[in-house]
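**Q** My questions are about this predicted structure, shown below with the sequence.
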Amino acid sequence: MCGIVGYVGSKDALPIVLAGLKRLEYRGYDSYGFCVLNGKPFLFKQIGKISENSDNFDHVKGNVAISHTRWATTGEVTKENAHPHSDCKEEIFVVHNGIVENYKELKNNLIGEGHVFKSETDTEVIAHLIEKYFSGNLEEAVKKALKEIRGTYGLAVISTGDPEKIVVARMSSPLIIGVGVDEFLVASDPSAIITHTRQIINLDDGEIAVLKKAGFSIFKEEKESQKQIETIDWDIEQAEKGGYDHFMLKEIMEEPNTIEDAIRGRLILEDGNVKLGGLFQVEEKLRGINNLLLIGCGTAHYACAVGEYMLEDYASIAGETDIGSEFRYRKPIVNKNTAAIFVSQSGETADTLAAMREMKEKGILTLGITNVVGSSQARETDAGVYTRSGPEIAVASTKAFIGQLATLAMLTVYLGRQREMSVVTGKRIVSELVNLPNLAREILGHREEIKNIAEKYKKYRDFWFIGRKYNYPVALEGALKLKEVSYVHAEGTAGGELKHGPLALIDENCPTIAICPSDSVYEKMIANIEEVKARKGKVIALATEGNEEIKNIADDVIYIPKTLEMLTPLLSAIPLHLFAYYMAAVLGRNIDKPKNLAKSVTVE
Ligand code: M6R
């Protein structure tokens with residue numbers, strides 16, 4: 001997720017786009033850049049946050065500008081990789097939000113045709129493709145270039161060869177046009193332009209727009225689109241949050257997209273396999289691994305625990321999970337067939353990094369599953385996979401967890417296919433991964449029901465979460481999320497452990513949330529629910545759609561769609577994230593910044 005702002009009109013463009021860019025920083029903040037046209041282009045790129053820039057740009061004049069704040073996905077955080085990207089002659093400039101799936105293939109072809117690349121990004125191929133097709137009319141060149149691109153984009157393009165306009169295009173990455181008097185803006189979301197104009201047009205997928213001082217036109221497949229101008233009645237803060245009250249809810253609502261972004265361009269459906277570019281260089285080493293340590297903290301640790309089940313079930317690899325703060329002081333038994341994988345949203349968690357450095361010291365192959373490109377973990381591990389979840393602003397980790405699970409599922413297929421996993425099994429998993437985003441959307445569609453349940457249970461001060469097998473770590477995640485944001489005491493336990501102690505605390509004052517999809521441990525979970533009911537405990541069951549019998553035992557039921565057992569955590573975590581959010585909301589907590597907690601724990 002990155003932020004784009006552009007302006008064309010009769011005013012000085014740069015102050016307008018930079019003011020907007022600062023408001024888009026929540027979408028990405030590892031580097032930024034802009035290009036202003038005034039005869040010659042003025043191109044500027046920098047690492048860091050635009051809000052921390054102290055350069056004076058008063059001398060940069062021009063009525064056409066595009067700008068970008070980056071959240072790296074392809075290519076490390078460097079000045080060269082910051083946007084805008086340009087063609088060989090530095091006449092065409094592109095800012096882009098999204099992923100060009102086939103960029104490697106396109107880049108090789110363009111290099112073969114003599115194009116010279118300056119960055120490692122996927123975006124730069126767009127600039128060179130436009131250059132290839134440019135013969136005086138920018139929109140025509142953009143149209144031709146986009147025909148060759150597979151993937152997602154929200155983009156804005158300017159050129160010294162056709163200088164009075166900005167050409168913008170959208171495919172699965174949001175983009176809006178701001179409509180003023182003799183001036184137009186383009187932005188990733190309204191917060192960037194709301195102080196300038198409240199009149200906006202939402203671009204739809206496949207649409208290309210040409211913005212000039214004198215007016216705009218929007219096309220889709222050569223036909224002009226008639227679009228409605230809408231008036232925004234949100235304030236800036238709401239606009240940043242996509243209209244939601246909190247970043248946490250916005251990020252939960254993004255969970256289906258998180259799965260899509262994680263799997264985009266990585267699944268090989270016909271072979272029942274996945275391709276993970278970041279593991280390419282260690283592919284042969286990984287064939288010899290039979291023991292995988294999975295290390296993370298907090299929510300990332302629970303993702304590791306789900307990964308352990310996945311790897312054992314499908315990749316014939318012994319997994320061993322631990323938390324960073326414990327693992328770093330242990331004396332693990334490792335050998336040359338051991339690898340260690342570190343899971344972290346930020347890639348900066350001190351305990352996880354210390355554990356990783358300890359393993360490096362021992363000569364163990366280290367891998368990373370990280371969201372933040374160029375983070376310490378990403379740089380220091382031998383190889384790894386980015387989750388591509390986009391910036392997570394709320395302290396409570398939600399969409400990053402889902403991205404980690406999707407990545408671990410792909411890793412399982414990758415390692416499994418290196419070993420005994422059949423093509424049929426591989427196909428079943430990857431095709432279900434394709435279905436998952438829509439199944440996740442179905443759950444979010446029922447969020448009002450979960451809100452009502454939170455309202456009903458708001459008076460309780462203790463909750464128990466239970467699950468078995470794949471959903472045992474999800475029970476831990478549900479409990480962590482609830483205590484973290486609502487300050488309500490919650491504990492997670494394996495269903496089978498209830499009778500070994502926790503049952504002593506179960507009574508009418510301590511409700512249990514039981515994760516019991518119709519899977520291999522369903523009957524056992526029902527037995528656990530009965531144990532709770534026998535102690536007068538209330539039960540909220542998370543069950544598979546179509547399971548009517550559960551209504552006879554549980555007090556309330558939240559349904560999730562049917563999926564493969566190994567993928568259920570990607571769905572069952574969603575209602576638990578929502579439940580924690582709504583409990584916190586109804587209790588009036590500081591949801592995005594809970595007390596005593598930090599987003600990234602960089603101390604021991
Ligand atoms: O950045 P990381 O994924 O390494 O962070 C690990 C934990 O600090 C983090 O998941 C924490 O538990 C969350 N606040 C939970 O919502």
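**A** Alright, I've got the coordinates.
**Q** For the stretch 301-450 of the chain, just list every one of the strands.
**A** For the stretch 301-450 of the chain, the strands defined by DSSP state E, counting those that start in this stretch cover 318-323, 338-344, 365-370, 383-386.
**Q** Apologies, that question was intended for the stretch 101-250 of the chain.
**A** According to DSSP E, counting those that start in this stretch, the strands that the stretch 101-250 of the chain contains are 153-159, 165-171, 176-179, 184-187, 199-202, 207-212, 215-220, 223-224, 230-231.
**Q** between those, which one is nearest to Ile393?
**A** Among the strands of the stretch 101-250 of the chain, the nearest to Ile393 by CB to CB is strand 184-187 (18.2 Å). Backbone N, C-alpha and C define where each C-beta goes, glycine included.
**Q** In the sheet, which strands lie alongside that closest one, parallel or antiparallel?
**A** Looking at strand 184-187 with DSSP bridges, its partner strands are strand 3-8 (antiparallel), strand 176-179 (antiparallel).
**Q** and for it, what are the contacting residues?
**A** If you take CB atoms under 8 Å, 6 or more residues apart in numbering as the criterion, strand 184-187 is touched by 3-9, 16, 20, 24, 66, 156, 166, 168, 175-178, 192-193, 196-197, 209, 211-213, 216.
**Q** what do you get for stretch 596-604?
**A** Stretch 596-604 is contacted from outside by 297, 325, 346, 348-351, 354, 392-393, 395, 484, using CB under 8 Å, 6+ apart.
**Q** Return the set of buried residues in that stretch.
**A** 599, 601 (16 or more other CB atoms under 10 Å).
**Q** just to revisit the earlier point, now render the strands of the stretch 301-450 of the chain as JSON lines, adding distance to the ligand.
**A** Compiled in JSON lines, those are given as follows (distance: least, CB to the nearest ligand atom, whole Å):
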{"stretch": "strand 318-323", "distance to the ligand": "10"}
{"stretch": "strand 338-344", "distance to the ligand": "3"}
{"stretch": "strand 365-370", "distance to the ligand": "8"}
{"stretch": "strand 383-386", "distance to the ligand": "13"}
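**Q** what's the most buried one of those strands?
**A** Mean neighbour count (mean count of other CB atoms under 10 Å) peaks for strand 338-344 among those, with a mean of 28.
**Q** What parts of the chain come near the ligand?
**A** Residues of the chain found near the ligand (CB under 6 Å from any ligand atom) are 297-300, 344-346, 349, 352, 395-397, 480, 484, 600-601.
**Q** Buried only: go through the contacts of strand 184-187 for me.
**A** Among the contacts of strand 184-187, those classed as buried by neighbour count (16+ other CB under 10 Å) are 3-9, 16, 20, 24, 66, 156, 166, 168, 175-178, 192-193, 196-197, 209, 211-213, 216.
**Q** all strands for the stretch 451-600 of the chain, in order.
**A** Ranges of strands in the stretch 451-600 of the chain, per DSSP E, counting those that start in this stretch, are 462-467, 489-494, 512-515, 539-544, 556-560.
**Q** of all the ones you listed, which gets the most neighbours per residue?
**A** Using mean count of other CB under 10 Å, strand 512-515 ranks as the most buried of the strands of the stretch 451-600 of the chain, with a mean of 29.
**Q** which residues of this structure score low on pLDDT?
**A** For the chain, the stretches with pLDDT under 70 are 1.
**Q** Now it against the ligand: closest residue?
**A** At 1.9 Å from the ligand, Gly298 is the closest residue in the chain, using CB to the nearest ligand atom.
**Q** What spatial separation is found between that residue and Val413?
**A** Distance from Gly298 to Val413, counting by CB to CB, to the nearest Å: 26 Å.
**Q** try Ala479
**A** Ala479 is 29 Å from Val413, where distance means CB to CB.
**Q** what's near enough to touch the spatially most central residue of the chain?
**A** Nearest to the geometric centre of the chain sits Ser389, at 1.5 Å (CA atoms, centre = their mean). Ser389 makes contact with 258, 261-262, 345, 371, 399-400, 402-403, according to CB under 8 Å, 6+ apart.
**Q** so Ile236 makes contact with Arg23?
**A** Yes - with contact defined as CB atoms under 8 Å, Ile236 reaches Arg23; the gap is 6.5 Å.
**Q** biggest helix in the chain by residues?
**A** helix 423-445 (DSSP state H).
**Q** Since that was my last question, I'll sign off now.
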